[in-house]
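**Q** this one's structure only:
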């Protein structure tokens, strides 16, 4: 008898097929089309509302970002007292 300490034992494989089970017969009476379900319409409505709300939030967040950026630039201008007269020389 050979002893191997580093090899894990292989698992047994079984091929089990139930005798009296048919997938098509099981599904035959239970499938309901999605458009007939009340929850499907509600999910669609909620998804549309969520999408429009996200679009509005994206727009407002980009405006806020630009406002913060402008305020930071003005703050650094005031803090360091930059002389911008070289831009307006004639």
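**A** Done, it's in. Given the structure is predicted, the values throughout are model-derived calculations rather than measurements.

**Q** okay, helices next: where are they in the protein?
**A** Assigned helices in the chain, in chain order: 23-27, 38-80 (criterion: DSSP state H).

**Q** can you tell me which of those helices the model trusts least?
**A** Per-stretch mean pLDDT for those is lowest at helix 23-27 (a mean of 75).

**Q** quick one: that one to chain centroid distance?
**A** 34 Å (Cα atoms, centre = their mean, to the nearest Å).

**Q** same thing with stretch 73-84?
**A** Stretch 73-84 has its C-alpha centroid displaced from the chain centroid by 41 Å (Cα atoms, centre = their mean).

**Q** same check, this time on stretch 37-45
**A** A distance of 20 Å separates the centroid of the chain from that of stretch 37-45, by Cα atoms, centre = their mean.

**Q** and if you look at stretch 40-60?
**A** 14 Å.

**Q** in that stretch, what's buried?
**A** Buried residues in stretch 40-60, counting neighbours by 16 or more other Cβ atoms under 10 Å, are absent. In short, each C-beta sits where N, CA and C put it, glycine included.

**Q** follow-up on the earlier one: adding distance to residue 7, write the helices of the chain out as TSV.
**A** Output for the helices of the chain, formatted as TSV (distance: least, Cβ to Cβ, whole Å):
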stretch	distance to residue 7
helix 23-27	38
helix 38-80	51
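
**Q** among these, which comes closest to residue 3?
**A** Of all the helices of the chain, it is helix 23-27 that lies closest to residue 3, at 45.6 Å by Cβ to Cβ.

**Q** what's the burial count for residue 14?
**A** Residues contacting residue 14 under the criterion other Cβ atoms under 10 Å number 5.

**Q** give me the phi and psi for it.
**A** Dihedral pair for residue 14: phi -120, psi 140, per degrees, to the nearest 10.

**Q** pLDDT value on it, please?
**A** pLDDT recorded at residue 14 is 85.

**Q** cool, and residue 1?
**A** In this model, residue 1 is scored at 60, pLDDT.

**Q** what's the answer for the one 10 residues further on, then?
**A** pLDDT, residue 11: 85.
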